[in-house]
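Colleague: Could you work out the structure for the sequence below:
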Amino acid sequence: MKKVLWVKFGWSEYYRGGPVDGNFGWLKEAKGSKKEGRGHEAFNFMPVDGTYYCYVPPQNKVYAPWNEDATGWTVICLAKHPKHKGIHIIGWYEDATLLGGWLKPPRDRISVEVDDRSSAYDWSYCIKSKSAFFIPPEDRSIPFSHPSVRQGKYSFLIGPDIDPKPEKKALLKLLTSRLDQLRHVAIGQPSEESVPDPELDPSDPLTGFGSPEHRKKVEKAAEKAVIAYYAKKMFKSKDMTKVKCGYDFLFKKGSTSLHVEIKGTSSENAGFFLTRNEHDAGLKKNPAWRLAMVTQALSDNPIVQVFDAKQLLKAFDMSPYVYLGRPVVEPEAV
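Modeller: You can find the predicted model right below:
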């Protein structure tokens, strides 16, 4: 990479029009209004006719990234999770063009659907590229810290007329190393088909987490791994998945009974969904309840971690993801 800069903007799960969060003025000002969560960067990884349009916040209130040699840049995109420390690489652009200012969406080439959605955000962009790579939220697991990244919105690391200061070289080395670690999970040319946003498809809250066939394969592999895990501890297993009791398997050894809910992922990074029944009947009320988290479930060496309720709440940030609305039925007058 001969021309590299990093840019930093607000945090979003998918950058496909969903909510944006972060410690930025334009997001703070929108708090409590109809525009809350509607950051310009909400569409940074949504292609329009094969082109990606990237918003970068102004630095010193005026300037967008610019270099006289405006084409062929690698743009490393960074964001901070609003609830956790550290900065994450959330994707990057290759062979990007710097435009030197903020432009309005190319409406003559945007479909009616995208145009309607984007106009509500009044978004703009200052970088464009035909090549993008996206890191799904479940794979953003290696945060880093650097003073210049915490304080800035963007910075050039290497390229024409760029002063190769030692701190820039050190940061470039760090980011290059992180890109090498993330390439195997990065999604090239992200789109609605390859990276659907569950927030924009409420009919299926698991949209974006693999096909139903893939999820079933991971589920069965995770169950097999957990059964083997407890078998080594001399527990006998009983399948409870058809009972809807708030857990998947009953494991017994002598007088000890464990009610184990099993969650699995093919990724190296732990993450899961709990239904309301699993949450309420197990996590909140059952001291025998456990959650077995299986990572790398489809590999030859799946990793099993078991948590009781207290350990689970300490290890994971539990957030409601889907709400079900039903009409309130008033009691009839007697």
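
Colleague: Flag every buried residue along stretch 212-221.
Modeller: Using 16 or more other Cβ atoms under 10 Å as the test for burial, stretch 212-221 gives 217, 218, 219, 221. All C-beta spots, glycine's among them, are computed from the backbone N, C-alpha and C.

Colleague: just stretch 276-283 next, same as before
Modeller: 278, 279, 281, 282, 283.

Colleague: Quick one: distance of it to the chain centre.
Modeller: 24 Å (Cα atoms, centre = their mean, to the nearest Å).

Colleague: Contacts for that stretch, please.
Modeller: 244, 245, 246, 247, 259, 261, 274, 289, 291, 309, 312, 313 (Cβ atoms under 8 Å, 6 or more residues apart in numbering).

Colleague: if you look at those, which of them are in strands?
Modeller: Mapping the contacts of stretch 276-283 onto strands (DSSP state E) picks out 259, 261, 289, 291.

Colleague: For the last one, list the residues it contacts.
Modeller: Read that as residue 291. 260, 261, 262, 263, 272, 282, 283, 306, 307, 312.

Colleague: Apply 6 Å and report the result again.
Modeller: Listed by Cβ atoms under 6 Å, 6 or more residues apart in numbering, the contact partners of residue 291 are 261, 307, 312.

Colleague: Look up phi and psi at the second one.
Modeller: Main-chain torsions, residue 307, degrees, to the nearest 10: phi -130, psi 140.

Colleague: Pick out the residue nearest the middle of this structure.
Modeller: Geometric centre of the chain, nearest residue: residue 137, 1.6 Å, by Cα atoms, centre = their mean.

Colleague: Show the contacting residues for it.
Modeller: Residue 137 makes contact with residue 13, according to Cβ under 6 Å, 6+ apart.

Colleague: which stretches of the protein form helices?
Modeller: For the chain, applying DSSP state H gives helices covering 25-28, 112-119, 147-151, 166-182, 212-231, 276-277, 309-315.

Colleague: before we move on, the earlier item: switch the contacts of residue 291 over to TSV; also include pLDDT and distance to residue 130.
Modeller: As requested, the contacts of residue 291 are exported to TSV (pLDDT from 0 to 100; distance: Cβ to Cβ, whole Å):
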residue	pLDDT	distance to residue 130
261	94	44
307	95	44
312	91	43
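
Colleague: between the residues you listed, which is nearest residue 66?
Modeller: Ranked by distance to residue 66 (Cβ to Cβ), the contacts of residue 291 are led by residue 312 at 47.8 Å.

Colleague: thinking again about what came up before, and of the ones in strands among the contacts of stretch 276-283, the nearest to residue 83?
Modeller: residue 291 (20.5 Å).

Colleague: Would you write a PyMOL line that selects the buried entries of the contacts of stretch 276-283?
Modeller: Of those, the buried ones go into a single PyMOL selection, burial set by 16+ other Cβ under 10 Å:
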select buried, resi 245+246+247+259+261+274+289+291+309+312
